[in-house]
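[1] prediction below, plus the sequence it came from.
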Amino acid sequence: MAETVVRCEQLTRRYGKSRGVENLDFEVRPGQVFGFLGPNGAGKTTTIRCLLGLLPATSGKSFLFDREVKLNDASDRARIGYVPGDVALYPAETGQWMIDYVSGLRGARPKSEGELIERLSFDPTRRVKELSKGNRQKLALVVALMHNPELLVLDEPTSGLDPIIQQIIFDIIAERIKRDGATVFLSSHILSEVERVCDRVGVIREGRLVAEESTADIIAKAIRTVRVTYDEPVQAGAYTAIAGIESVTQIDDRTIAAKVVSDLDGAVRGLLDHPIHDLQVTHASLEEIFFQYYTTNGDGPPAPPMDEGGAA
């Protein structure tokens, strides 16, 4: 068995004078679910394309199954399932034609095609040009998963899908991990997706890896907003001294919203000093987590901006 399934060593990809990704170092071990987290334009898709041999690295190296990746090297294609962020399909052909065509290119017999088509409620007889964005994404998922690959490389896999299908997708991914020991490299800017399935998280910002840690640790860094509606009027100022609370906003005479940066349990207990009518706890947005991470860790000045041909 390979010691690592995915590995980058000082991986750098430039677009002319603009930087795509810079000196990336990380690894993903067999059976691990690695979340590659960052806002749009941070370099997630550029990294994936280099990992899969679709883009040449400017410098540094990347490895799949402990073999160095070469440009357009198809030797490990049958071991990989890839859902790109920008799905390219033949518009005049049917979904079934695409399934058969990719199976032939891959040289791997589809093992779970029928199951995936049924679970995703996908009609393979329709032509691609007739499909909605969500149904094109379903087809991409069938094509990527139907041969039961060892490595799933998923670039924003639930884009365009309704919440019910999103849940089915993550159920399928969880089954592949448990049943087959599949390794997952999941690129996303949606915190809830990463929290749901990932063991570890790498955070990329403007082409640089700024954090790599367990999912539990990075979620613990997230600001929570606790919105409390009481049965009687309250004053926001009465709650600003509670440990773990950064600020409190008055919403109306009975409702406040507190930003909690640590000790969520203690903070919530401190807020419940009057009978309550309603309470909601929400995670910060990914951008707020980034902001919190950079300000509390003294991150240096941001990298120079990239042009439109830069990281995606």
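    All right, it came through fine. Since we're looking at a predicted model, the values are computed, not measured. Residues are numbered from 1 along each chain as shown.

[2] surely Arg119 meets Gln167?
    No: at 11.0 Å, Arg119 does not count as touching Gln167 under the criterion of C-beta atoms under 8 Å. All C-beta spots, glycine's among them, are computed from the backbone N, C-alpha and C.

[3] which of these two has more residues huddled nearby?
    Ranked by neighbour count (other C-beta atoms under 10 Å), Arg119 and Gln167 place Arg119 first, with 17 against 13.

[4] give me phi/psi at that one?
    Backbone torsions of Arg119, given as degrees, to the nearest 10, read phi -70, psi -30.

[5] check the one 10 residues further on too.
    Comment: the main-chain dihedrals of Lys129 come out as phi -70, psi -20, following degrees, to the nearest 10.

[6] who's in contact with the helix or strand hosting Gln167?
    According to DSSP states H and E, Gln167 maps onto helix 163-180. With C-beta atoms under 8 Å, 6 or more residues apart in numbering as the test, helix 163-180 has contacts from 31, 33, 116, 119-121, 134, 138, 141, 145, 148, 150, 152, 154, 157-158, 161, 182, 184, 193, 196-197.

[7] please name the bridge partners of the most centrally placed residue in the chain.
    The centroid of the chain falls nearest to Ser188 when counting by C-alpha atoms, centre = their mean (2.3 Å). For Ser188, the beta-bridge partners under DSSP bridges are Leu37.

[8] looking at it, it is touching Gly35, isn't it?
    Yes: Ser188 is in contact with Gly35 according to C-beta under 8 Å; the separation is 6.5 Å.

[9] which neighbours do these two share?
    Val194.

[10] run a quick neighbour tally on Glu115.
    13.

[11] helix, strand or coil for it?
    helix (DSSP: H, G, I helix; E, B strand; the rest coil).

[12] what score does it have for pLDDT?
    At Glu115 the predicted local distance difference test score is 96.

[13] how close does it get to Ile168?
    Distance of Glu115 to Ile168, given as C-beta to C-beta, to the nearest Å: 11 Å.

[14] quick check: neighbours shared by these two?
    Counting by C-beta under 8 Å, 6+ apart, nothing touches both Glu115 and Ile168.

[15] quick one: average pLDDT of the helix holding Gln167?
    pLDDT averaged over helix 163-180 gives 91.

[16] I'd assumed Ala140 was in contact with Lys133.
    No: in this structure Lys133 lies outside contact range of Ala140 using C-beta under 8 Å: 10.7 Å.

[17] which parts of the stretch 201-312 of the chain are helices?
    215-220, 264-271, 286-296 (DSSP state H, counting those that start in this stretch).

[18] rank those helices by pLDDT, which is bottom?
    helix 286-296 (a mean of 60).

[19] domains for this structure, by residue range?
    Taking automatic domain parsing as the reference, the chain has its domains at 6-219, 223-283.

[20] just the ones you listed: most buried one?
    Counting by mean count of other C-beta atoms under 10 Å, domain 6-219 has the highest mean neighbour count of the domains of the chain, with a mean of 18.

[21] return, as residue ranges, the portions of the chain with sub-threshold pLDDT.
    1, 220-221, 284-312 (pLDDT under 70).

[22] how about the strands of it, start to end?
    Assigned by DSSP state E, the strands in the chain fall at 6-15, 18-28, 33-37, 59-64, 67-68, 80-83, 151-155, 183-188, 200-205, 208-214, 224-230, 245-252, 255-260, 276-283.

[23] kindly reformat these as TSV and extend each row with distance to Tyr101.
    Listed next are the strands of the chain as TSV, based on distance: least, C-beta to C-beta, whole Å:
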stretch	distance to Tyr101
strand 6-15	27
strand 18-28	29
strand 33-37	28
strand 59-64	23
strand 67-68	26
strand 80-83	15
strand 151-155	20
strand 183-188	24
strand 200-205	33
strand 208-214	36
strand 224-230	47
strand 245-252	54
strand 255-260	51
strand 276-283	41
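
[24] of all these, which lies closest to Lys129?
    Among these, the nearest to Lys129 by C-beta to C-beta is strand 80-83 (20.0 Å).

[25] distance from the chain centre to that closest one, please.
    14 Å (C-alpha atoms, centre = their mean, to the nearest Å).

[26] now do stretch 162-172
    14 Å.

[27] how about stretch 205-213?
    Using C-alpha atoms, centre = their mean, the offset of stretch 205-213 from its chain centre is 14 Å.
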